[in-house]
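Engineer: Take a look and give me a structure for this.
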Amino acid sequence: MGERPPSSEDMEKGREKRQKSRHSMPPPHLCPPPPKPWVPWLMPIVFVVNVAMFVYTMYVNDCPTTGEKCLFPFLKRFSFQPFRENPLLGPAALTLKKLGALELQLVVEGGEGWRLLSCMWLHAGVVHLLFNMLSLLFIGIRLEQEFGFIRIGFLYLLAGIGGSLGSTLHRLRTASPTISVGASGALFGLLGAMLSELLINWTIYVNKCTALLILMVVIAVNMAVGFIPKVDSSAHIGGFLAGFFLGFVILVRPQYGYISSRHLPSTYEGRRKSRHKFYQYVLGITAFVFLVLGYTYGFGKLYGPPALKNLP
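Structural biologist: Residues are numbered from 1 along each chain as shown. Next comes the predicted model:
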């Protein structure tokens with residue numbers, strides 16, 4: 001005796017079950033393609049510009065013409081100021097001031113706001129330049145490989161300006177006559193952005209706690225540099241905070257498991273994950289508000305109406 005052939009009702013139920021199974025989940029082979037790393041070129045250019053600016057600064061400085069006992073006189077006009085004047089092996093403060101160093105009176109009363117940007121490309125000495133450029137190569141190039149030159153270039157400049165604002169506001173409160181130079185504010189901004197990037201993209205990291213611990217140690221070591229005499233810690237803090245909030249806005253990535261519609265077959269009707277999690281939107285919007293308030297406060301204290309200048 002043969003088996004009873006399936007009824008039309010059984011066949012319809014089987015068809016619905018197969019369709020439901022097919023549409024409820026993506027095919028097993030379906031997965032988003034790995035992101036292609038960017039070829040870094042902007043950060044290497046920033047490196048070259050910083051080194052070139054230091055060479056030009058030493059050329060303009062021309063220590064032998066001052067009558068001082070210069071360090072390494074065989075370098076002639078590229079020789080350094082006496083160690084007692086500049087222990088970082090670099091030019092005179094007057095030369096840095098002439099080329100665009102950050103100085104309170106010139107920025108606020110002289111209307112030379114461009115110094116908030118120009119000071120990022122000057123360095124006080126070989127030691128200063130070496131430390132900053134090593135940080136740039138290790139941190140900046142890695143970030144540019146992951147996020148591209150547009151976002152990292154934007155981050156670098158805005159964080160640098162944030163560091164300059166922090167330095168100027170500190171001098172405004174203390175009436176300090178000293179000058180400030182260096183890319184430290186921008187570099188601390190990159191560190192701050194690395195921290196916020198880890199937090200806002202938490203779901204895509206595998207060893208989350210390990211990555212966070214290592215990053216916090218790196219940040220703590222760099223922050224400790226601010227306690228060295230004559231180091232502008234206010235620029236470090238300003239740049240770090242600017243970069244930290246900027247990272248929430250411009251370094252956000254799709255959540256784990258998200259697949260773009262262009263990588264899904266046209267017949268797929270299953271449930272899809274949203275591009276970002278709700279907390280990513282909240283952090284991004286909150287950080288953007290803090291950025292607007294922070295930069296408005298900073299520029300308002302320097303160039304705004306009396307109502308803003310009189311804020312604490």
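Engineer: And the helices in the stretch 51-200 of the chain?
Structural biologist: Per DSSP state H, counting those that start in this stretch, the stretch 51-200 of the chain carries helices over the ranges 93-99, 104-108, 115-118, 126-135, 141-147, 149-174, 184-200.
Engineer: Any stretches of the protein with poor pLDDT?
Structural biologist: The chain contains residues with pLDDT under 70 at 1-34, 226-230, 256-274.
Engineer: From the centroid of it, which residue is nearest?
Structural biologist: Closest to where the C-alpha atoms of the chain average out (CA atoms, centre = their mean) is Leu190, at 2.7 Å.
Engineer: how about the closest residue to that one other than its chain neighbours, what does it touch?
Structural biologist: Setting aside the residues directly before and after it, Leu190 is nearest to Ile139 in space (CB to CB, 6 or more residues apart in numbering), at 4.9 Å. For the C-beta atoms, the positions are set from N, CA and C on the backbone; glycine is no exception. Taking CB atoms under 8 Å, 6 or more residues apart in numbering as the criterion, Ile139 is in contact with Leu187, Leu190, Leu191, Met194.
Engineer: one more time with 7 Å, if that's ok
Structural biologist: Neighbouring residues of Ile139 by CB atoms under 7 Å, 6 or more residues apart in numbering: Leu187, Leu190, Leu191.
Engineer: Now render these as a markdown table, adding distance to Leu213.
Structural biologist: Below are the contacts of Ile139 laid out as a markdown table (distance: CB to CB, whole Å):
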| residue | distance to Leu213 |
| --- | --- |
| Leu187 | 21 |
| Leu190 | 19 |
| Leu191 | 15 |
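Engineer: and His123, how many neighbours?
Structural biologist: 27 (other CB atoms under 10 Å).
Engineer: residue ranges for the strands of the stretch 151-300 of the chain, please.
Structural biologist: Along the stretch 151-300 of the chain, counting by DSSP state E, counting those that start in this stretch, no stretch forms strands.
Engineer: sorry, back to before: out of the helices of the stretch 51-200 of the chain, which gets nearest to Pro305?
Structural biologist: Closest approach to Pro305 among the helices of the stretch 51-200 of the chain is made by helix 104-108 (14.2 Å; CB to CB).
Engineer: Check which residues of that closest one are buried.
Structural biologist: Leu104, Leu106, Val107, Val108 (16 or more other CB atoms under 10 Å).
Engineer: where's the second one relative to Thr168, distance?
Structural biologist: Between Leu106 and Thr168 the distance is 10 Å, computed by CB to CB, to the nearest Å.
Engineer: picking up where we left off before, can you put the helices of the stretch 51-200 of the chain in CSV and add distance to Gly243?
Structural biologist: Formatted as CSV, these follow (distance: least, CB to CB, whole Å):
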stretch, distance to Gly243
helix 93-99, 24
helix 104-108, 21
helix 115-118, 16
helix 126-135, 13
helix 141-147, 10
helix 149-174, 4
helix 184-200, 3
